[in-house]
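Trainee: sequence first, predicted coordinates after that:
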Amino acid sequence: MLEIRGVTKHFDGVKAVTEVSCTIAKGAITGLIGPNGAGKTTLFNMICGYHVPDSGLICFNSLEITGKPPYAVAAAGIGRTFQNLRTIKKLSTLDNVMLAFNPGASLFASLKKGKERQNRERAQELLAFVGLSDKAEEPAGELSYGQQKLLNLACCRALDPALLLLDEPVAGVNQEMTVKILGLLRDMRDEGIGVLVIEHNMEAVMEVSDRLIVMAGGRVIADGEPAQVRENSEVIEAYLG
Ligand SMILES: Nc1ncnc2c1ncn2[C@@H]1O[C@H](COP(=O)(O)OP(=O)(O)O)[C@@H](O)[C@H]1O
Ligand SMILES: [Mg+2]
């Protein structure tokens, strides 16, 4: 569903991403791994429209999205979460999801649009999906770190994305929460959503991914099944070592 062809992004001589090509399938979990500075987040940022590539092409469901602004990429069906939490701590957990239906608009504006009841029901479904129904009316700031990660996932699904980009969804959460979040990634995959996930927790990413892409020094150095990639000598040297 996503095709990246020869994409390059350099920052004043820093070769963040050089000539990266890969395709991402729907209904599959693709892990994106590599050492710090490998270019993973820069690649995400180019897919989402936060950075315009210096060269190369990005297509989503046969539609070219290279250099399109973030709202257009989101509207085309690509959702993402960030490495750091993006919850609005003073708003209730439910209102955080409600707000996600109308990125860029105020909560008031989204309520005025007359879709409130429909959005509220969908927001409640999304909270049920991540297991936060009983926290709906609590300020999001009172959720644990792991619960806020779950809330980020619920928000990310509000626009019904066909492809989700997740930047370190289990970083900093405990084992129990890791298992829960990995289960949600599988549920979404089984619904046909494409999932591309950056993750440093090797055990988690090896376990959950149907396919692994390894970056180092701004380039893709391996792409294949996790079991094969784990044995790849270049990967072991650059990363797993
Ligand atoms: N906005 C930017 N300006 C300058 N250099 C950047 C910028 N973003 C990333 N870089 C550099 O690009 C390289 C790749 O960074 P990044 O994509 O964040 O790697 P990763 O997510 O794999 O750790 C690093 O050397 C980083 O310092
Ligand atoms: Mg990063």
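Mentor: Nice, I can see it. Ligands and ions are numbered 1, 2, ... in the order given.
Trainee: now Ala158, what's its secondary structure?
Mentor: Following DSSP: H, G, I helix; E, B strand; the rest coil, the label given to Ala158 is coil.
Trainee: what sits against it?
Mentor: Ala158 makes contact with 97, 100-101, 122-123, 126 under the criterion C-beta atoms under 8 Å, 6 or more residues apart in numbering. C-beta: built from backbone N, CA, C; applies to glycine.
Trainee: same question, Leu2
Mentor: 23-24, 47, 58-60, 78, 163, 194, 196.
Trainee: what is the nearest of those residues to ligand 1?
Mentor: Ligand 1 has its nearest neighbour among the contacts of Leu2 in Ile47, at 12.0 Å by C-beta to the nearest ligand atom.
Trainee: surely that closest one and Val73 touch.
Mentor: Yes: assessed by C-beta atoms under 8 Å, Ile47 is found in contact with Val73 at 7.2 Å.
Trainee: circling back to that earlier point, in CSV: the contacts of Ala158, plus pLDDT.
Mentor: Output for those, formatted as CSV (pLDDT from 0 to 100):
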residue, pLDDT
Val97, 92
Ala100, 85
Phe101, 81
Arg122, 93
Ala123, 94
Leu126, 96
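Trainee: any of those residues buried? List them.
Mentor: Neighbour-count burial (16 or more other C-beta atoms under 10 Å) applied to those gives 97, 100-101, 122-123, 126.
Trainee: can you tell me which of these is closest to ligand 1?
Mentor: Proximity of the buried ones among the contacts of Ala158 to ligand 1 (C-beta to the nearest ligand atom) peaks at Ala100, which lies at 24.0 Å.
Trainee: pretty sure that closest one sits against Asp160.
Mentor: No: applying C-beta under 8 Å as the test, Ala100 and Asp160 come out as separate, 11.0 Å apart.
Trainee: end to end on stretch 56-69, go ahead and measure it.
Mentor: End-to-end distance for stretch 56-69: 16 Å, by C-alpha to C-alpha, to the nearest Å.
Trainee: can you list the buried residues in it?
Mentor: For stretch 56-69, burial by neighbour count (16+ other C-beta under 10 Å) applies to 56, 58, 60, 65-66, 68.
Trainee: now for Gly192: which residues touch it?
Mentor: Listed by C-beta under 8 Å, 6+ apart, the contact partners of Gly192 are 26-27, 162.
Trainee: one more pass at 7 Å, please.
Mentor: Taking C-beta atoms under 7 Å, 6 or more residues apart in numbering, we find Gly192 in contact with 26-27.
Trainee: state the distance from it to ligand 1.
Mentor: From Gly192 across to ligand 1, the span is 27 Å (C-beta to the nearest ligand atom, to the nearest Å).
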